[in-house]
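>>> When you get a sec, could you give me coordinates for this:
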Amino acid sequence: MPIRNTVLPVSPGYYSEWNIYILDYMKQLLIEVDDELASELEKVAPGRSRRRSEFIRYAIRQALWDLEEKRTAEAYKQQPDSENDVYQDPRVWEKSLKKTSARRKK
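The predicted structure follows:
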């Protein structure tokens, strides 16, 4: 049954077309957390503020990014780049040390 035909338990104006789109295409996860973690989460992103889901999505993205960075660093430790592997001149990326004259006030 599509979500659009379902009675939703919130105020009528809350579910705009954009919100319905999210409900149709986002996965829902049910997780268990201990009391201490739930208490800390409530302080930072209270359940009634509608910011909790956004906060949790951000935390998951950050954790996944950190894992990817860790794996990449580990791969470079196992097989570091040599100077022969570099195909760009690092001097191109350095800032120019040209002196610019200050404008004189008239």
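>>> Can you give me the buried ones in stretch 72-80?
The neighbour-count check on stretch 72-80 (16 or more other CB atoms under 10 Å) flags nothing as buried. To be clear about C-beta, it is placed using only N, CA and C from the backbone, and glycine gets the same treatment.
>>> pLDDT weak spots in this protein?
1-24, 86-87, 90, 94, 96-106 (pLDDT under 70).
>>> how about the helices in it?
For the chain, helices defined by DSSP state H occupy the ranges 17-25, 35-44, 52-78.
>>> Give me the helices and strands touching the last one, please.
Okay, so that is helix 52-78. helix 35-44 (3 or more CB pairs under 8 Å, 6 or more residues apart in numbering; DSSP states H and E).
>>> what does the helix it packs on rub up against?
33, 52, 55 (CB atoms under 8 Å, 6 or more residues apart in numbering).
>>> Export these as TSV, with columns for neighbour count.
Listed next are the contacts of helix 35-44 as TSV, based on neighbours: other CB atoms under 10 Å:
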residue	neighbour count
Val33	10
Arg52	15
Phe55	14
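>>> Pick the one among those residues closest to Asp66.
Of all the contacts of helix 35-44, Asp66 sits closest to Phe55, with 16.4 Å by CB to CB.
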